[in-house]
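Participant: Just to be clear, the model below is a prediction. Sequence and coordinates:
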Number of protein chains: 2
Amino acid sequence: MKIFNECVPCLMRQAYEAAKMATDNLNIQQEILKKCAILISNFTDYNSSPELAYHMHNTVKMLTCNNDPYEDIKKKDILSALKLYPYLKKILNDKNNDLYTALKISAIGNIMDSAIFKDLDVMECIDHQLDMDFTICDIEIFKKDIVKAKTLLILGDNAGEAVFDRVFIESLPENLKVYYATRHAPIINDATLSDAKSAGLNNCSTLISSGCMTPGTVLKDCSDEFMDIFDKADIVISKGQGNYEGLEDYSRKVYFLLKAKCDMIANRFSVPVMSYIFKLSR
Amino acid sequence: MKIFNECVPCLMRQAYEAAKMATDNLNIQQEILKKCAILISNFTDYNSSPELAYHMHNTVKMLTCNNDPYEDIKKKDILSALKLYPYLKKILNDKNNDLYTALKISAIGNIMDSAIFKDLDVMECIDHQLDMDFTICDIEIFKKDIVKAKTLLILGDNAGEAVFDRVFIESLPENLKVYYATRHAPIINDATLSDAKSAGLNNCSTLISSGCMTPGTVLKDCSDEFMDIFDKADIVISKGQGNYEGLEDYSRKVYFLLKAKCDMIANRFSVPVMSYIFKLSR
């Protein structure tokens, strides 16, 4: 998905948030802002927001000599989510492992996004989020697909979210081979292989790196190994806005599972902002 | 006041708002955003936000061939304020022309700022704003100053705000000579001479242009005529954030009358954001 004019102020805000996250040194923050503003001035050179965001966050990393500015936030998010894990399992158990609820839990994980929701208390808002229905939900098609499927690939998004995805994966039929793809290197608060392991995903899925380092799956940057799994998987579920923005224009069928956190994405799906979406691509 | 790192995302947002205000053409909006991002990338070259904002809004004007993108908004704001005028007069009359209330009415006018509060219904919020006290109020010093003063210069801010300033000016002693300074040319929703006239200020004050075109009084850009009045006036009242940002470092005594609309300004005065301030400079 191309970068819209509306995305520009948001990208600048994200650059500033990342700068503050990575360093307390005001002069270095200033340098980051200047360099990111230059990158943003060329926003039409990029095919999607994740591609530009990659260069912005790389600037943050280089100028702060900090390869993982969101490391602490990610650890905190995973820990918060792991505390919720027994509660999420109980909810799903009480609903007899209902697929809609399992998908919903995975989607709720998408609120664990420090890049957008600062200082969110997931514990506090979880019940309200569980009460919200999907605004778009292609579950009937998915139910048919999953009966036939032998392999499922999930494109992970944020670190804390991986725990919610684990609850979803653990609810799936045991004979389904599940791959869980993460970013190749730390970028914002997105899950890496190491984060996915901390979330406990190695016990219920095969963890793979997408090979790409953008905060969203940009296929031209992905590894051959990943592309092979991506192309051959019977079902692909893409989590979150970043992956959607990278994949929207690609031809294979993908289920997009996300919360629409901004007007641009909400408009794209013709839903109100903050809606939950589970939608099969055209 | 220098431009802080915190101001950068806000400036980018303002550039986008101005672009949308000036044109519906997405390609021109895009060009505005690109050029403003380059300007913003050099934010440390500017002494204050108003100086950078001037160049940003000039970019908007040039690329849209629209010298006054906020013309309609300003007209609407002045009209809304004029509808409130009898109500404001009555309130002040009921309080026996009390100076604190008069200052407060002038300060409340500062919320008529389309650059910050979009779609604000002033009618709806006026009583609540009237109930809020000043967080800082140097009224006791001002009372002594105004008894001795022969001339008062008010540095105007937004167009709709001028009507509120009129209520304040009309409450002052008749022997006090009042100058009301506006921007030299349209910039954002700031009052020009023509806007001040529409607000009815020509009946109670001598209208002058500051000679400068920045959204805030930047003295080095002001006319000699204005500087003469500025230097000689017994009292100067500076309205709003933009004027404060331009004047903070200047030596003469100035009363700053404003609502602190952002964290940076609030921090500068050590008050909570959205506080009302009437403060004599050091």
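Facilitator: Perfect, thanks for sending it. Numbers count the residues shown, from 1 in each chain, chains lettered A, B, ... in the order given.

Participant: Quick check, central residue of chain A?
Facilitator: Nearest residue to the geometric centre of chain A (C-alpha atoms, centre = their mean): residue A:157, 2.1 Å.

Participant: Which residues does the spatially closest residue to residue A:132 that is not a sequence neighbour form beta bridges with?
Facilitator: Among residues not flanking residue A:132 along the chain, residue A:276 sits closest, at 6.1 Å (C-beta to C-beta, 6 or more residues apart in numbering or on different chains). No exception for glycine: its C-beta is placed from N, CA and C like everyone else's. Beta-bridge partners of residue A:276, counted by DSSP bridges, are residue A:134, residue A:259.

Participant: just the helices in the stretch 151-282 of chain A please.
Facilitator: A:161-170, A:193-198, A:224-232, A:240-247, A:263-269 (DSSP state H, counting those that start in this stretch).

Participant: ok, back up a step: ok, now how distant is the residue nearest to residue A:132 from chain B?
Facilitator: Note on residue A:276: its distance to chain B, by C-beta to the nearest C-beta, to the nearest Å, is 27 Å.

Participant: Correct me if wrong: that residue contacts residue A:134.
Facilitator: Yes - assessed by C-beta atoms under 8 Å, residue A:276 is found in contact with residue A:134 at 4.6 Å.

Participant: what about these two, which has more around it?
Facilitator: Neighbours per residue (other C-beta atoms under 10 Å in any protein chain shown) separate residue A:276 from residue A:134, with residue A:276 holding more: 22 against 19.

Participant: just to revisit the earlier point, how about the contacts made by the residue nearest to residue A:132?
Facilitator: Contacts for residue A:276 (C-beta atoms under 8 Å, 6 or more residues apart in numbering or on different chains) come out as A:104, A:107, A:108, A:132, A:133, A:134, A:135, A:258, A:259, A:260.

Participant: Just the buried subset of those residues, please.
Facilitator: Buried members of the contacts of residue A:276, counted by 16 or more other C-beta atoms under 10 Å in any protein chain shown: A:104, A:107, A:108, A:134, A:135, A:258, A:259, A:260.

Participant: so what are the domain limits for chain A?
Facilitator: According to automatic domain parsing, chain A comprises the domains A:7-64, A:72-280.

Participant: Run the chain-centre distance for the last one.
Facilitator: Centroid displacement of domain A:72-280 relative to its chain, using C-alpha atoms, centre = their mean, to the nearest Å, is 6 Å.

Participant: Return the distance of residue A:162 relative to residue A:199.
Facilitator: Using C-beta to C-beta, to the nearest Å, residue A:162 is found at 4 Å from residue A:199.

Participant: higher neighbour count, these two?
Facilitator: A direct count of neighbours by other C-beta under 10 Å for residue A:162 and residue A:199 places residue A:162 higher, at 34 against 29.

Participant: looking at the domains of chain A, which is closest to residue B:92?
Facilitator: Residue B:92 sits nearest to domain A:7-64 of all these, at 39.6 Å, using C-beta to C-beta.

Participant: Start and end of that closest one, how far apart?
Facilitator: Domain A:7-64 has an end-to-end distance of 25 Å (C-alpha to C-alpha, to the nearest Å).

Participant: So is that domain next to chain B?
Facilitator: Yes - applying C-beta under 8 Å from any C-beta of the partner chain, one finds domain A:7-64 in contact with chain B at A:8-9, A:12-13, A:15-16, A:19, A:26, A:29-30, A:33-35, A:37-38, A:40-44.

Participant: Quick check, pLDDT for residue A:120.
Facilitator: At residue A:120, the predicted lDDT confidence score is 60.

Participant: same deal with residue A:123?
Facilitator: Here the pLDDT value assigned to residue A:123 is 73.

Participant: any idea which element it lies in?
Facilitator: Taking DSSP states H and E as the definition, residue A:123 sits inside helix A:122-131.

Participant: Just the residues contacting that helix, thanks.
Facilitator: Helix A:122-131 is contacted by residues A:80, A:81, A:83, A:84, A:87, A:91, A:104, A:105, A:108, A:111, A:112, A:160 when judged by C-beta under 8 Å, 6+ apart.

Participant: May I see the buried residues of it?
Facilitator: Neighbour-count burial for helix A:122-131 [16+ other C-beta under 10 Å]: A:122, A:126, A:129.

Participant: Run the angle between that helix and helix A:161-170 for me.
Facilitator: Relative orientation of helix A:122-131 versus helix A:161-170 (axes from the mean of the first three to the mean of the last three C-alpha atoms, to 10 degrees): 40 degrees.

Participant: quick one on the thing from earlier: so which of the residues of domain A:7-64 next to chain B sit within helices?
Facilitator: Mapping those onto helices (DSSP state H) picks out A:8-9, A:12-13, A:15-16, A:19, A:26, A:29-30, A:33-35, A:37-38, A:40-41.

Participant: List only buried entries from those.
Facilitator: Buried members of these, counted by 16+ other C-beta under 10 Å: A:8-9, A:12-13, A:15-16, A:19, A:29-30, A:33-35, A:37, A:40-41.

Participant: picking up where we left off before, of the helices of the stretch 151-282 of chain A, which approaches chain B most closely?
Facilitator: Closest approach to chain B among the helices of the stretch 151-282 of chain A (C-beta to the nearest C-beta): helix A:263-269, 12.5 Å.

Participant: same question for that closest one, mean pLDDT?
Facilitator: So the average pLDDT for helix A:263-269 ends up being 94.

Participant: name the helices or strands packed onto that helix?
Facilitator: For helix A:263-269, the contact count by 3 or more C-beta pairs under 8 Å, 6 or more residues apart in numbering or on different chains; DSSP states H and E identifies helix A:240-247 as packing neighbours.

Participant: Show me what the helix it packs on packs onto, helices and strands only.
Facilitator: By 3+ C-beta pairs under 8 Å, 6+ apart, helix A:240-247 packs against helix A:49-64, strand A:255-259, helix A:263-269.

Participant: hey, which of these is tucked in deepest?
Facilitator: The highest mean neighbour count among the helices and strands packed on helix A:240-247, using mean count of other C-beta atoms under 10 Å in any protein chain shown, belongs to strand A:255-259: a mean of 25.

Participant: Mean confidence (pLDDT) on that strand, please.
Facilitator: Taken as a whole, strand A:255-259 carries a mean pLDDT of 97.

Participant: what's the answer for stretch A:240-247, then?
Facilitator: 93.

Participant: Same question for stretch A:21-31.
Facilitator: Averaged across stretch A:21-31, pLDDT comes to 96.

Participant: what about that stretch, start to end distance?
Facilitator: 14 Å.

Participant: distance between it and the chain's centre?
Facilitator: How far stretch A:21-31 lies from its chain's middle: 26 Å, per C-alpha atoms, centre = their mean.

Participant: Give me the phi and psi for residue A:82.
Facilitator: Here is the backbone geometry of residue A:82 (degrees, to the nearest 10): phi -70, psi -30.

Participant: my guess is it contacts residue A:167, does it?
Facilitator: No - Residue A:82 is beyond contact range of residue A:167, at 10.9 Å (criterion: C-beta under 8 Å).

Participant: Compare neighbour counts for the two and give me the winner.
Facilitator: residue A:167 (24 against 15).

Participant: Who are the contact partners of that one?
Facilitator: Per C-beta under 8 Å, 6+ apart, neighbours of residue A:167: A:85, A:88, A:89, A:92, A:102, A:105, A:106.

Participant: Among those residues, which one lies nearest to residue A:51?
Facilitator: Distance ranking of those against residue A:51, using C-beta to C-beta, places residue A:106 first at 25.5 Å.

Participant: Report the backbone C-alpha coordinates of stretch A:225-237 in PDB.
Facilitator: Extracted C-alpha coordinates of stretch A:225-237, given in PDB (Å, rounded to 0.1, in the frame of the first residue of the first chain):
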ATOM      1  CA  GLU A 225      13.500 -19.900   2.300                       C
ATOM      2  CA  PHE A 226      10.600 -17.700   3.600                       C
ATOM      3  CA  MET A 227       9.200 -17.100   0.100                       C
ATOM      4  CA  ASP A 228       9.100 -20.900  -0.500                       C
ATOM      5  CA  ILE A 229       7.000 -21.400   2.600                       C
ATOM      6  CA  PHE A 230       4.900 -18.200   1.800                       C
ATOM      7  CA  ASP A 231       4.100 -19.400  -1.700                       C
ATOM      8  CA  LYS A 232       3.400 -23.000  -0.700                       C
ATOM      9  CA  ALA A 233       1.500 -22.600   2.500                       C
ATOM     10  CA  ASP A 234      -2.200 -23.600   2.200                       C
ATOM     11  CA  ILE A 235      -3.200 -20.700   4.400                       C
ATOM     12  CA  VAL A 236      -1.400 -17.400   5.200                       C
ATOM     13  CA  ILE A 237      -2.600 -15.200   8.000                       C
END
